[in-house]
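Peer 1: here is the input, now give the coordinates:
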Amino acid sequence: MAKQVLTYEQLMSSLKRKEYKPVYMLMGDESFYIDQIADYIEEHVLTEDEKAFNQTILYGKDTSLGEIIMAAKRYPMMSPYQVIIVKEAQHIKNFDDLQFYLENPLNSTLLVFCHKYGKLDGRKKSTQEIEKKGVLFESKKLFDNQVAGWIESYVKSMQVGIDNKASNMLAEYLGNDLTRIVHEVEKLLITKPKEQTSITPELIERNIGISKDYNNFELVSALTNKDILKCNRIVDYFGKNTKNNPLVVTITVIFNFFSNLLFYHSLKDKSQMNVANELKINPYFVKDFQQAASRYNSAKVTQIISDIRKTDVQSKGFGNSSISDYDLLKELVFKILH
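Peer 2: The predicted model follows:
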């Protein structure tokens, strides 16, 4: 039996074409896509008049699977479909019993489970029946190196531009929480002057509070170019603004860059497109690794990664825990540059 594996875009496209399935299991660690799909079904499958008698919102904490199945077996009233959306479905017990309903589900019912922060066991019969009769969609968290590209795509879908520096500022500050990212982007779009056609670092600095000159993106850039003065200025700024520049985030960004740089050194084909594909980065940033590789050989990069790991351990209280985060970062940057 071939598995029905859909991307978010494919699933949304099928919904817009009104190609409905009797059951949707929306699961995974990234709640953004789960909410987007469930919200679309809630808003668009039924008309406002049909919703009154044919749309039900349930919560996994407050209901049982038996009650959900009983509701799913009802026929719609004066409507081709009824919609049942079960939020917080991760709290439902005995999911295996769903297989008995799925042996003969009602095609007039759209039964939607929002199962966040986890997924069903693919070996279970109930899970296999969902794949066979409906849609099993896993919403996965983006990797850190995918976030900036996702932001650029999302902003462009809103008919607005964004440059690489701005997208990386947002990615480094907001992490991979897509719901939070969308909220901040929408805030930027509201505050953006009407004549301005793109999101810029200056706009982000004014409205979100991220410094366009003193951030992790600029620190990595300064390290890449071995710009000692700029590195020291950024580290000093971080020391004075620790709340907005936590050491754990900075260490992670630096570690990711030099880990990728070590991988870059190992590549035989260092063409722009191959490097971008191997490192899973925007081709625009390949030049940063080309420049960094000319200044840091593989032996030095290996030592830097070791130094970063030691700093990470110290920052968590092991060893000499009396050293401040500012001093730890200052020492690490010194070791990288010398």
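Peer 1: just read off the phi/psi values of the residue sitting furthest away from the middle of the chain.
Peer 2: For the chain, the largest distance from the centre (Cα atoms, centre = their mean) belongs to residue 78, which lies 40.3 Å off. The phi and psi values for residue 78, taken as degrees, to the nearest 10, are phi 50, psi 40.
Peer 1: isn't it up against residue 50?
Peer 2: Yes: with contact defined as Cβ atoms under 8 Å, residue 78 counts as touching residue 50 (7.2 Å). Quick note: C-beta positions are derived from backbone N, CA and C, even for glycine.
Peer 1: burial measure for residue 204, as a count.
Peer 2: For residue 204, the count of nearby residues is 24 (other Cβ atoms under 10 Å).
Peer 1: right, and it touches residue 171 too?
Peer 2: No: counting by Cβ under 8 Å, residue 204 does not reach residue 171; the two are 11.2 Å apart.
Peer 1: quick check: closest non-adjacent residue to residue 325.
Peer 2: residue 247 (4.0 Å; Cβ to Cβ, 6 or more residues apart in numbering).
Peer 1: OK, contacts around the one you found?
Peer 2: Residues near residue 247 by Cβ atoms under 8 Å, 6 or more residues apart in numbering: 238, 315, 325, 328, 329.
Peer 1: just send these back as a markdown table, with distance to residue 57, neighbour count and pLDDT too.
Peer 2: Shown next, in a markdown table, are the contacts of residue 247 (distance: Cβ to Cβ, whole Å; neighbours: other Cβ atoms under 10 Å; pLDDT from 0 to 100):
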| residue | distance to residue 57 | neighbour count | pLDDT |
| --- | --- | --- | --- |
| 238 | 45 | 24 | 93 |
| 315 | 44 | 21 | 87 |
| 325 | 45 | 19 | 89 |
| 328 | 49 | 19 | 93 |
| 329 | 48 | 24 | 94 |
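Peer 1: domain ranges for the protein?
Peer 2: The record's domain split for the chain, according to automatic domain parsing, is 8-139, 154-207, 216-337.
Peer 1: so for residue 145, which of these sits nearest?
Peer 2: domain 216-337 (5.5 Å; Cβ to Cβ).
Peer 1: just to revisit the earlier point, determine which two of the contacts of residue 247 are furthest apart.
Peer 2: 238 and 315 (12.9 Å).
Peer 1: show me where the stretch 1-150 of the chain dips below the pLDDT cut-off.
Peer 2: 1-5 (pLDDT under 70).
Peer 1: what ranges do the helices span in it?
Peer 2: For the stretch 1-150 of the chain, the helices defined by DSSP state H, counting those that start in this stretch cover 8-16, 31-44, 48-54, 65-72, 98-102, 125-133, 144-157.
Peer 1: between the fourth one and helix 125-133, how many degrees?
Peer 2: The reference is to helix 65-72. 20 degrees (axes from the mean of the first three to the mean of the last three Cα atoms, to 10 degrees).
Peer 1: can you list the domains of the chain in a markdown table and add distance to residue 145?
Peer 2: Shown next, in a markdown table, are the domains of the chain (distance: least, Cβ to Cβ, whole Å):
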| stretch | distance to residue 145 |
| --- | --- |
| domain 8-139 | 16 |
| domain 154-207 | 9 |
| domain 216-337 | 5 |
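Peer 1: what is the neighbour count of the residue found closest to residue 15 once you drop the neighbours it is linked to in the chain?
Peer 2: For residue 15, ignoring the flanking residues on the chain, the nearest one in space by Cβ to Cβ, 6+ apart is residue 40 at 5.9 Å. By other Cβ under 10 Å, the residues close to residue 40 number 14.
Peer 1: can you tell me how far residue 40 is from residue 46?
Peer 2: 12 Å (Cβ to Cβ, to the nearest Å).
Peer 1: hey, C-alpha coordinates of the longest helix along the chain in CSV?
Peer 2: The longest helix of the chain (DSSP state H) is helix 247-266. These are the backbone C-alpha positions of helix 247-266, laid out as CSV (Å, rounded to 0.1, in the frame of the first residue of the first chain):
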residue,chain,number,x,y,z
LEU,A,247,24.8,33.8,25.1
VAL,A,248,23.2,30.5,24.3
VAL,A,249,21.8,31.9,21.0
THR,A,250,25.0,33.5,20.0
ILE,A,251,27.0,30.4,20.7
THR,A,252,24.6,28.3,18.7
VAL,A,253,24.8,30.7,15.7
ILE,A,254,28.6,30.8,15.8
PHE,A,255,28.8,27.0,16.2
ASN,A,256,26.5,26.4,13.2
PHE,A,257,28.6,28.7,11.0
PHE,A,258,31.9,27.1,11.8
SER,A,259,30.4,23.6,11.6
ASN,A,260,29.3,24.4,8.1
LEU,A,261,32.7,25.9,7.4
LEU,A,262,34.4,22.7,8.4
PHE,A,263,32.0,20.8,6.0
TYR,A,264,32.8,23.4,3.3
HIS,A,265,36.5,22.6,3.6
SER,A,266,35.7,18.9,3.0
